[in-house]
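Asker: Sequence and predicted structure, then a few things I'm wondering about:
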Amino acid sequence: MPFRPRLPLRLLLLPLLRRRSPCSSAPPRRPLSYSPAAAAAAAATESEEDAAVVARDAVLAPPCFGAAAGELTPRWEREGAVGEDRAELERNASIAARLRLCHELLWQRRWREMREVLAQTVSEQGSGSAPTLCGILWNGFRECDSSAVVWDALASSYARAQMIHDALYVLSKMSSLNMQISISTYDSLLYCLRKTDMALEIFEEMESCGVSPSDYSQSILIDGLCKQDKIGEALSFLQEAREAGKFKPLEMTFNIIMSALCRWGFIQTAKSFFCLMLKYGLNPNKYTYSTLIHGLCKVGSVVEAEDIFKIVTKEGMELDIITYNSLINGYRLLGLTREIPKTIKMMRRQGIEPDLVTYTILIASHCEGGDVEEGMKVRKDILDQGLQLNIVTYSVLLNALFKKGLFYEVDNLLGEICSIGLDMDVVAYSILIHGYCKLGEIGRALQVCDVMCHSQSVMPTSLNHLSILLGLCKKGLLAEARWYLENVASKYQPTDVALYNVVIDGYAKMGDIANAIQLYDQIVIAGICPTIVTCNSLLYGYCKIGDLHMAESYFRAIQLSDLLPTAVTYTTLMDALSEAGKVRDVLILFDEMVGNGIKPNAVTYSVVIKGLCKQLKFHDAMNFLDEMHREGVGADPIPYNTLIQGFCEAQKIQMAFHIHDSMLLHGLTPTPVTYNLLINALCLKGQVIGAERLLEDLTKRGIELRKFAFTTLIKAQCAKGMPCKAIVWFNKLVDAGYEVSIEDFSGAINRLCKNQFTNEALMLIPIMLSVGVYPDIQLYHVLGTALQKKDELFYLPILQALATKSGV
């Protein structure tokens, strides 16, 4: 077919199907002994209806075995038995008896029983037995009128038993003997090979032999192409069949194509096939509607899916649990958690009880919304109903618990999984490894990996090793990371450059360029090709240690190599040049980057703006900000914060707020860093009242802030002689739920004591104790010294008693 190039045949037996020259010993075609209808009925179906169809054919003559009619000893027993092994002789005799029985059953029109005998024979003899059976069938039964039908049924039996090589062998023999192959046998073979490239070859061979495809042949081929993710080839095949007038429209065919299109997210194309289905006069079934609803929910068109659902149910069609689960999952994807219980109630009114998939989606919706406690409650409800969760449901819960940092619940859940004997899969293991690594529990992650290695079902993946290496490097355990990498490389994935990249990057960030280069040389010697990510890490390492000469030389070496520099490559070097005050070189590199067709990102613009701000070139910095918008670089607060910081450091507060307003005009939400910069700038400028008003307004509006904004204002109030306000804002800081440390209290108390506000400083002590923070020896010394200076010695015994109680 012209829609794809012919592929080389994977099996050597397939070319034999194209042979059409008969053997010299082949008997002439017997029109009464074999007909396509008889063969189709014998090999295609086990139903009585097919047997009735075949019964309308011409009456078969009684089977005759051997040279004369009625002779029951096959020729192979009389001619070739001398010298054969006795066991082999008995095996062949048993096969011959089975084949003799098949002929007799066929003569009696007992089609189903004949096929059962053949299926049992094929199953007992196993793969590779086709040459033996074909030899016995040819030598002992070639003069039987029903022989061709048995040959065809034998090929079909091998195909149904998934013994493809044997089926092809039988077909090649039939082809060489001029026996016609039935469409049902072709369909059986097509079905077995539908997930391989050979399916199309079989279909083309069938057409070239003059065998008309059945109603299901095209559906089988299209299903196979779709299952191989060759949706384009499936559509081309369908279009060519329609243009040639060979297309046989079936609900099954349309459902297969629509399902594949929905799986890939091509919902509009799937809807067009639904219209085409109606045009052909076909009636969509519940599978059709379920497919459409699933596809619409997958792309977020839940409203349209609901409309179809309501229309279908109103017409009286009963949809199954799969359709309801698709709709529930659509609500989950859009965050419409409240709609899920309503849909479950609707299911129950229809007499459909939620299954484990339903509950898993419900748990996932709660966990994704941050309500892991509710997800755990649903889990308890499921267990109370006597149902058992599967590893998918447990994986959802484990992932949510890790995000919340609930180690105790993770351990409990793991104990539950072990107690019911549930096998962990690679996803569950990966969640454990990634979760422990992200929370810095590298030892636990290594234990999980060790258990995974010793399990018989799964092995650690590259992503698992990557998580562990990232965790080790993040904690600065480079020696351990290096040991783990070399251990993994020697056992599992010695050519995975991504694992080496993690450790090289870890060395670079620590400024250990020598070890980074050593590991780089090691992978090159091992024949592993470094990527641009590898080179970017080394470039960062040179910049980290301040060796700009080597950094620039290495950058030029990257340009001369086969690797293409990325925005990260340029930005890394530009940032180092900017820190060194070489803004002119930064601008030259920026122009070179644009000239080479590499699009700068938000970080690149931030680096340029930072360099310009350091040289007080604010006008040029703002021009770059405008250029970033003109070039369509994605909205990002980093360049704005960089410019705000520049204006704040230059004490241009008004311009800093102007940039803040510009952020809002461009639809950007200022970050906590933005407000930290503005509040700090106001405090440094002495505008403490302005900073207080700003912070008050932000807290009232529920803007996300960091502790730094509060502590900055409190310190400024203490320094500016506003002790009462400082205490009020300290209470607000605690009430807001921030974790307050001894350093936060010390900073305020030191400033209050320095400005002789000793009584107010003492008022912070009860606040400290209320949050479980106790003064240290330095703080007692500061307070004691301040009280002595003000001659307020009556407080000293109280402080001394508190110090004794806290063990200081």
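Answerer: In hand now; what should we look at? Computed from a predicted structure; not experimentally measured.

Asker: and residue 247, what does it touch?
Answerer: By CB atoms under 8 Å, 6 or more residues apart in numbering, residue 247 lies in contact with 218, 238, 241. C-betas here are computed from N, CA, C, even on glycine.

Asker: burial count for residue 462?
Answerer: The number of residues packed near residue 462 is 13, by other CB atoms under 10 Å.

Asker: doesn't residue 501 make contact with it?
Answerer: No. With contacts counted by CB atoms under 8 Å, residue 462 stays clear of residue 501, the gap being 11.8 Å.

Asker: What about the closest residue to residue 166 other than its chain neighbours, how many residues nearby?
Answerer: Sequence neighbours aside, residue 130 is the residue nearest to residue 166 in space, at 3.6 Å (criterion: CB to CB, 6 or more residues apart in numbering). Neighbourhood size, residue 130 [other CB under 10 Å]: 24.

Asker: List phi and psi for residue 213.
Answerer: Main-chain dihedrals, residue 213, degrees, to the nearest 10: phi -60, psi 150.

Asker: so what's the residue lying closest to it once chain neighbours are set aside up against?
Answerer: The shortest distance from residue 213 to any non-neighbouring residue, by CB to CB, 6+ apart, is to residue 206 (6.6 Å). Residues counted as contacts of residue 206 (CB under 8 Å, 6+ apart) are 181, 183, 186, 213, 217.

Asker: Next: residue 255.
Answerer: Residue 255 makes contact with 285, 287-288, 291, according to CB under 8 Å, 6+ apart.

Asker: Out of the contacts of residue 206, which is nearest to residue 645?
Answerer: Nearest to residue 645 among the contacts of residue 206 is residue 217, at 69.9 Å by CB to CB.

Asker: wait, that closest one sits on residue 188?
Answerer: No. Residue 217 lies out of contact with residue 188 (CB under 8 Å); the separation is 10.8 Å.

Asker: so where's the stretch 551-700 of the chain shaky on pLDDT?
Answerer: For the stretch 551-700 of the chain, applying pLDDT under 70 flags the ranges 634-635.

Asker: how about 80 then?
Answerer: For the stretch 551-700 of the chain, the stretches with pLDDT under 80 are 632-635.

Asker: now the helices for it?
Answerer: Remark: helices assigned in the stretch 551-700 of the chain by DSSP state H, counting those that start in this stretch are 567-579, 583-595, 602-614, 618-630, 637-649, 653-665, 672-684, 688-700.

Asker: How far does stretch 222-237 stretch from one end to the other?
Answerer: Start-to-end span of stretch 222-237 (CA to CA, to the nearest Å) is 8 Å.

Asker: buried set for stretch 122-131?
Answerer: Residues of stretch 122-131 classed as buried: 122, 125, 129-130 (neighbour count, 16 or more other CB atoms under 10 Å).

Asker: Of those residues, which belong to helices?
Answerer: Of these, the ones assigned to helices by DSSP state H are 122, 125, 130.

Asker: need those residues in JSON lines with pLDDT and distance to residue 801, can you?
Answerer: What follows is those, written out as JSON lines (pLDDT from 0 to 100; distance: CB to CB, whole Å):
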{"residue": "122", "pLDDT": "91", "distance to residue 801": "94"}
{"residue": "125", "pLDDT": "91", "distance to residue 801": "95"}
{"residue": "130", "pLDDT": "91", "distance to residue 801": "97"}
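
Asker: Run a quick neighbour tally on the residue lying closest to residue 374 once chain neighbours are set aside.
Answerer: The shortest distance from residue 374 to any non-neighbouring residue, by CB to CB, 6+ apart, is to residue 366 (4.3 Å). Neighbour count for residue 366, taken as other CB under 10 Å: 23.
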